[in-house]
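J.: Mind looking at a prediction? Sequence and model below.
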Amino acid sequence: MKVELQILDPRLAGWGFPSWGSKLAAGLDLHACLDGPLIVEPQAAAVLIPAGIAFRIGDPDWCAVVLPRSGLGHREGLVLGNAVGLIDADYEGPCLISAWNRNPPQSGRTITVRPGDRIAQLVFTRIARPELAIVTAFSSKESQEQNRSPTRGAAGFGSTGVGAACPGRLPGRHSSL
């Protein structure tokens, strides 16, 4: 697969773009292409930060997702304002990062984003477009065999709970066959 990439901000070359954080990293580091430091206040509205690039995937079997950087989200509270950014194969506009400070307002923990900071990552992934069959009811025989229950999901979101799937087994311990 080949992705056409336009560098919109010439400073990216000096910041080491394009690069993956390691040889086996899945995400391409995205830099904050700002003219000066940006203070992101706790719980304030999300801000759009230019990544300094535009690209076109062009292949309908692929898309890209913009994801937060794990450490920034966990340690600092900098996450994406839209949780995940989905970029379709035919999008050709500038890549923008929706940044949000998830820290509580009373913490006073502002986050300073500086020009060139790596604040998000771009992951390319395959997509599937299944054939959709509109039905009035699910084929219950298959549902019962596959899910062992015709009412799976009747309790709604999170219906399987949080307990261990095998109550007699402790996490990390495996029985021998």
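T.: It's in.
J.: Would you point out which residue is most central in the protein?
T.: The chain has Leu67 as the residue nearest its centroid, 3.2 Å off, counting by C-alpha atoms, centre = their mean.
J.: quick one, phi psi at that one?
T.: Dihedral pair for Leu67: phi -120, psi 150, per degrees, to the nearest 10.
J.: Same question for Asp88.
T.: Dihedral angles for Asp88 - degrees, to the nearest 10 - are phi -70, psi 160.
J.: Span of stretch 12-23 from start to end?
T.: End-to-end distance of stretch 12-23 (C-alpha to C-alpha, to the nearest Å): 20 Å.
J.: Poorly predicted segments of the chain, please.
T.: 141-159, 165-177 (pLDDT under 70).
J.: Spell out the residue ranges of the helices in it.
T.: Ranges of helices within the chain are 70-71, 140-147, based on DSSP state H.
J.: one step back: verify the stated contact: the residue nearest to the centre of the chain with Val123.
T.: Yes - look at Leu67 against Val123 with C-beta atoms under 8 Å: they come within range, at 6.0 Å. Every C-beta, even on glycine, is put in place using the N, C-alpha and C of the backbone.
J.: joint contacts of those two?
T.: Gly27 (C-beta atoms under 8 Å, 6 or more residues apart in numbering).
J.: For the chain, which segments count as strands?
T.: Taking DSSP state E as the test, the strands found in the chain are 4-7, 28-31, 38-40, 47-56, 62-68, 78-80, 85-87, 94-101, 111-113, 118-126.
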